[in-house]
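>>> after the sequence you'll find the predicted model.
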Amino acid sequence: MRKSILVALCGLWSATAAAEPVRIGDLGILADAPFYIAIEKGYFAAEGVEVKLERFQSAAQATAPLSQNQVQVVGGGVSAGLYNAFARDWPVRIVMARTRDMPGFSSDTLVMRNDLKGKIKSAKDLKGRVIAVNAPSSVLHYMLGKLMESEGLTIEDVQTVSMAWPSMGPGMESHAIDGGTVVEPFAELFSQKNYSFPFRRAADFMKPPLEVSVMLYSKEWTDKSPDQAKAFSVAFMKGVRDYYDAMKGGPKRAEVIQICIKYTSLKDKALYDKMQWSYMDPNGEISLEGLADQQEWYAKQGVVAKKASLQGMVDRRFLDYALQKLGKVDVK
């Protein structure tokens, strides 16, 4: 009798545990659009997955909760900090790509003061200039370094200062800085206000393409609830493909823009047609070459002391499951 009760209680506990919602680190930005699309269009519900958005000001703020399985999923930017965390056996895995820069879909941009138009024609003309980056040892710092190296210079040939993106426009207007590395919609907004002009977008010179951010899953979650993680990945990938359709100007564009306006801080509908969207791979494929190049650069800068194993950072099981269920998109 006691055994039967125990079995019943265990079954009840398992059902309750399985019903726990997947908590998502929500940044309220366009890169998180697949979450919002999958919620609004019922993709998570169709896969039997309940989700809960947990708002954070930055992905960096979500890293501790992610490592402790207090949130299960976060879209995080590639940086020296990411590699350093993995080198310390961070209990998190990269599951699929999130955003990168491709021709025509290159959000990450070096903008320069409007009065420098015609004077700054190549990376060599940046020598000695003051360039703002949103954070040191970040993906945009790396982008600037690679631009300088493309013409035989180094990151040391410019003076970098740390500055939040919204402050860079006024900084250029006051001539406190000569330029800044920004993301959309700031490149477009600063152009509209005559603060700056887009000098180089990442896709103009980055080889391999700039791998900007990746999807991170809590390892404790995937170990304990692999079926839930698989179902989540299927729904999320459906959201990615709707974003991809919208990004390409497909029939889902208007609907996706309305969803993004609802959930993100980008409320101006007209901006969606003026700015360049970040590229999302409809098959979620991770560029290991891109990740390797970034880690190598950070190591040369002395901000990554011990290189992490790229293979150890990545767990493809959930992406492969989603692709098996949904099939692959022919990317041309």
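Here it is on my side, so go on.
>>> so where's the longest helix in this structure?
Determined from DSSP state H, the single longest helix within the chain is helix 226-247.
>>> so what's the gap between it and the chain middle?
The chain centre lies 15 Å from the centre of helix 226-247; the measure is Cα atoms, centre = their mean, to the nearest Å.
>>> ditto for stretch 271-286
Computed by Cα atoms, centre = their mean, the chain-centroid distance of stretch 271-286 equals 10 Å.
>>> buried ones in it?
Buried residues in stretch 271-286, counted by 16 or more other Cβ atoms under 10 Å: 271-272, 275-284, 286. From N, CA and C alone the C-beta is placed, and that goes for glycine too.
>>> hmm, back to that, in the helix or strand following the longest helix of the chain, what counts as buried?
On the C-terminal side of helix 226-247, the closest following helix or strand by DSSP states H and E is helix 253-263. Buried positions in helix 253-263, judged by neighbour count with 16+ other Cβ under 10 Å: R253, V256, I257, I259, C260, Y263.
>>> taking helix 226-247 as reference, get the angle to helix 253-263.
On the basis of axes from the mean of the first three to the mean of the last three Cα atoms, to 10 degrees, helix 253-263 is oriented at 120 degrees to helix 226-247.
>>> let's test this: mean pLDDT of helix 253-263, rounded?
Throughout helix 253-263, pLDDT has a mean value of 98.
>>> repeat for stretch 97-109
Stretch 97-109 shows a mean pLDDT of 97.
>>> can you give the contact residues for it?
The contact list for stretch 97-109 (Cβ atoms under 8 Å, 6 or more residues apart in numbering) reads 31, 75-76, 139-140, 143, 181-184, 187, 198-204, 206, 209-215, 247, 275-281, 284-287, 290.
>>> give me the contact list for the host helix or strand of L147.
Secondary structure assignment for L147, by DSSP H and E: helix 139-149. The list of residues contacting helix 139-149 from outside it, by Cβ under 8 Å, 6+ apart, reads 77-79, 108, 110, 123, 126, 131, 133-135, 154-155, 157-158, 160, 181-183, 200, 202, 205-206, 210, 212-213, 294, 297-298, 301.
>>> and the very next helix or strand once past that helix, what's buried?
Sequence order places strand 159-162 as the next helix or strand after helix 139-149, per DSSP H and E. Neighbour counts using 16+ other Cβ under 10 Å place T160 of strand 159-162 among the buried residues.
>>> the following helix or strand past strand 159-162 vs helix 139-149, what angle?
The C-terminal neighbour of strand 159-162 among helices and strands, as given by DSSP H and E, is helix 165-173. With the same axes, to 10 degrees defining the directions, helix 165-173 sits at 40 degrees from helix 139-149.
>>> next, the buried residues of helix 165-173.
For helix 165-173, by 16+ other Cβ under 10 Å, it's W165, M168, G169, G171, M172, E173.
>>> summarise which helices and strands it is packed against.
Where contact means 3 or more Cβ pairs under 8 Å, 6 or more residues apart in numbering; DSSP states H and E, helix 165-173 is packed against strand 109-113, strand 130-133, strand 179-182, helix 186-192.
>>> who's in contact with it?
Helix 165-173 has contacts (Cβ under 8 Å, 6+ apart) with 111-114, 132, 134, 163, 177-180, 182-183, 186, 189-190, 193, 195-196.
>>> any chance of the buried residues of helix 253-263 in TSV with distance to A97 as columns?
Converted to TSV, the buried residues of helix 253-263 look like this (distance: Cβ to Cβ, whole Å):
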residue	distance to A97
R253	21
V256	18
I257	22
I259	21
C260	19
Y263	21
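>>> among those residues, which two are most distant?
Farthest pair in these (Cβ to Cβ) is R253 and Y263. Separation: 16.1 Å.
>>> mind listing what the residue positioned nearest the centre of the chain touches?
Geometric centre of the chain, nearest residue: S213, 3.0 Å, by Cα atoms, centre = their mean. Taking Cβ under 8 Å, 6+ apart as the criterion, S213 is in contact with A31, A59, G75, G76, G77, V78, R98, T99, V139.
>>> could you find the lowest-pLDDT member of the residues you listed?
A59 (84).
>>> count of neighbours near that residue?
Neighbour count for A59, taken as other Cβ atoms under 10 Å: 22.
>>> go on, the one 5 residues further on?
Other residues near A64 come to 10 when the count uses other Cβ under 10 Å.
>>> what helix or strand is it located in?
A64 belongs to helix 59-67 when elements are defined using DSSP H and E.
>>> domain ranges for this structure, per the record?
The chain breaks down by automatic domain parsing into domains covering 20-101+211-326, 109-205.
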